[in-house]
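In: My questions concern the predicted model and sequence given below.
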Amino acid sequence: MFAAASCAALFGLGSLPAAEGTEPPMLVGVVKPDQILKIAPDWKGMYDVASPATDAVARIREAADRAKGEIRVEVVFGSWCSDSLDHLPIFIKIQEMVGAERLPSTYLGVDRKMKDPDGLVASLKIERVPTFIVFRKDAEIGRIIETPKISIEADLAEILSPPAKP
């Protein structure tokens, strides 16, 4: 089974063409947001045009403040994946708008077999990328897998919002 088939067979759907016979380097392992935005021009371009819904970002910020440092997000992505290109730059912008200290996140790049050099994603049960795993303390409270239901910010706000009281 080729788990990444739904993401794209080749890097670059929607990206500027790489020099003939080359493609941008594959990022694997733990990386920083600035490395992600340098994968290829489209990654930074997607970040630049991202405009997350301010009401959802405010809900994320409020939930993070209420959680008092107990929330973190593990982001597993493929630098070769068009869905990662579609959703990761906006998540990076959301994290900046909320504040990295309020919404600490680890970015883990995987190869096309969903593996990283240090085996960090092996226990996360990743089938498609990107996958955003939200933890409160050390317990998983929700995931956004490949494509959000509404948007990254709306889905994240939903995961972090306390259930309505009857």
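Out: Now that the structure is in, tell me what you want to look at.

In: all helices of the protein, in order?
Out: Taking DSSP state H as the criterion, the chain contains helices spanning 33-36, 41-49, 54-67, 82-98, 152-160.

In: Tabulate those helices (TSV), appending mean pLDDT.
Out: Supplementary listing: the helices of the chain in TSV, determined by pLDDT from 0 to 100:
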stretch	mean pLDDT
helix 33-36	96
helix 41-49	96
helix 54-67	96
helix 82-98	97
helix 152-160	97
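
In: can those go into a markdown table with extra columns for mean neighbour count and distance to residue 113?
Out: The C-beta positions use only the backbone N, C-alpha and C, and glycine is treated the same way. Below are the helices of the chain laid out as a markdown table (neighbours: other C-beta atoms under 10 Å; distance: least, C-beta to C-beta, whole Å):
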| stretch | mean neighbour count | distance to residue 113 |
| --- | --- | --- |
| helix 33-36 | 16 | 20 |
| helix 41-49 | 16 | 22 |
| helix 54-67 | 17 | 32 |
| helix 82-98 | 22 | 15 |
| helix 152-160 | 22 | 25 |
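
In: Which among those is found nearest to residue 131?
Out: For residue 131, the closest of those is helix 82-98, at 9.7 Å, according to C-beta to C-beta.

In: For that closest one, output the C-alpha coordinates as PDB.
Out: Provided in PDB are the C-alpha atoms of helix 82-98 (Å, rounded to 0.1, in the frame of the first residue of the first chain):
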ATOM      1  CA  SER A  82       0.500  19.000  -2.400                       C
ATOM      2  CA  ASP A  83      -1.900  18.800   0.600                       C
ATOM      3  CA  SER A  84       1.000  19.700   2.900                       C
ATOM      4  CA  LEU A  85       1.700  22.700   0.600                       C
ATOM      5  CA  ASP A  86      -2.000  23.700   0.800                       C
ATOM      6  CA  HIS A  87      -2.300  23.500   4.600                       C
ATOM      7  CA  LEU A  88       1.000  23.800   6.400                       C
ATOM      8  CA  PRO A  89       1.800  27.400   5.500                       C
ATOM      9  CA  ILE A  90      -1.500  28.600   6.900                       C
ATOM     10  CA  PHE A  91      -0.900  26.600  10.100                       C
ATOM     11  CA  ILE A  92       2.400  28.300  10.400                       C
ATOM     12  CA  LYS A  93       0.700  31.700  10.100                       C
ATOM     13  CA  ILE A  94      -2.000  30.600  12.700                       C
ATOM     14  CA  GLN A  95       0.800  29.600  15.100                       C
ATOM     15  CA  GLU A  96       2.400  33.000  14.700                       C
ATOM     16  CA  MET A  97      -0.900  34.900  15.100                       C
ATOM     17  CA  VAL A  98      -1.700  32.900  18.300                       C
END
